[in-house]
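Participant: Fold the following, please.
(one chain, ligands or ions: 2)
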Amino acid sequence: MKSSLSLSMFIKLFLLLALLDICVSKSVFDFFYFVQQWPGSYCDTKRSCCYPITGKPASNFSIHGLWPNYNNGSWPSDCNPKHPFNQSQISDLVSRAQTSWPSLGCPSSNNIKFWKHEWSKHGTCSESVGLDQHAYFQHTLDLKDQIDLLQILQDAGIKPDGSFYNVSSIEEAIEKGSGYFPGIRCNFDASRNSQLLEIYLCVDKSATRFIDCPILPHSNCPSQVEFPTFGADSGILQLATPSSPNYI
Ligand code: 5GP
Ligand code: 5GP
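Facilitator: Ligands and ions are numbered 1, 2, ... in the order given. Model (predicted):
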């Protein structure tokens, strides 16, 4: 009697845990934010930045991440600790990722730590729409190639030259050039000037198609922001050591 009771309790507990696991890891979100960062602004802070050991990134927007989101502005994160980042699954994408998804965090790294973080925090949540690690990275890199933000801004006379630009003209230029109204986030340079740090675009759950944003991220930019340069030698390889953050 006692053993059949504890067996039934064990089965119930097992089923409950399985259900919890399904709810936590498989909750389906509504869309992705595809977030790109301006390296000049990431580096142009009191804290500065470190170039990856693979070399100084090009003077171009680079990927921060592809983030599952709900229409109400909340988002899931760290959905599946059972699927940690596995570098061997993206070996064919590493060269593209080094160019388009470099890490500017300190100390200098080979970018893997950044990709690992983005996969664990955001990528594992996209398993609920059928994306495995390879598909998640491949789609993210493909999205970067679909819309050339720097070209769009330059075509509108908005250049990374240290000048200040109206946020509304940045938004309008991107909407005109890409067809989609962006979200904009800023940070401060060492003199507390606000500068253009990140541009958010929205993508459907297939991770292949840009869409109008169901909800824009809260903007923390004033009406005018700086668009700083990213060094004169953009594109030229330059190695950095962990102890020597790069100043632009
Ligand atoms: P911050 O507080 O600097 O805006 O964001 C810190 C981190 O929280 C981001 O790098 C990202 O990982 C996550 N995060 C911030 N805002 C959002 C959002 O709207 N959606 C998702 N999915 N993640 C976000
Ligand atoms: P998130 O803000 O996405 O949650 O966290 C990003 C993490 O990756 C932070 O720990 C940040 O220090 C690190 N990181 C490394 N390189 C970069 C980079 O180039 N951009 C951003 N935003 N974070 C980076």
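
Participant: near ligand 2, anything from the host helix or strand of T140?
Facilitator: Element membership of T140, judged by DSSP states H and E, is helix 133-146. No - legend: contact between helix 133-146 and ligand 2 by CB under 6 Å from any ligand atom is lacking; minimum distance shown is 13.1 Å. Placement of C-beta: from N, CA and C, glycine included.

Participant: cool, and stretch 73-83?
Facilitator: No - Stretch 73-83 lies apart from ligand 2 when judged by CB under 6 Å from any ligand atom; the minimum separation is 8.4 Å.

Participant: What average pLDDT does that stretch get?
Facilitator: Mean pLDDT, stretch 73-83: 97.

Participant: Now it: buried residues?
Facilitator: W75, P76, C79, N80, H83 (16 or more other CB atoms under 10 Å).

Participant: before we move on, what about stretch 146-162?
Facilitator: Neighbour-count burial for stretch 146-162 [16+ other CB under 10 Å]: I147, L149, L150, I152, L153, A156, I158, P160.

Participant: from these, which is closest to ligand 1?
Facilitator: L149 (18.1 Å; CB to the nearest ligand atom).

Participant: right, and that closest one touches L196 too?
Facilitator: No - with contact defined as CB atoms under 8 Å, L149 does not count as touching L196 (10.4 Å).

Participant: Which one of the buried residues of stretch 73-83 is nearest to E171?
Facilitator: Comparing the buried residues of stretch 73-83 against E171 with CB to CB places W75 closest, at 22.2 Å.

Participant: Would you mind giving the secondary structure of that closest one?
Facilitator: Using DSSP: H, G, I helix; E, B strand; the rest coil, the three-state assignment for W75 comes out as coil.

Participant: And the strands in the chain?
Facilitator: For the chain, the strands defined by DSSP state E occupy 31-37, 62-69, 164-166, 183-188, 194-203, 210-211, 224-226.

Participant: Nearest approach to ligand 1 belongs to which of these?
Facilitator: Nearest of those to ligand 1, taken as CB to the nearest ligand atom: strand 62-69 at 3.3 Å.

Participant: Indicate the residue of this protein located nearest to ligand 2.
Facilitator: Closest point on the chain to ligand 2, by CB to the nearest ligand atom, is G105, at 2.6 Å.

Participant: Let's see the pLDDT reported for the residue most central in space within the chain.
Facilitator: Most central in the chain under CA atoms, centre = their mean is G65, positioned 1.6 Å from the mean C-alpha point. As predicted, G65 sits at a pLDDT of 98.
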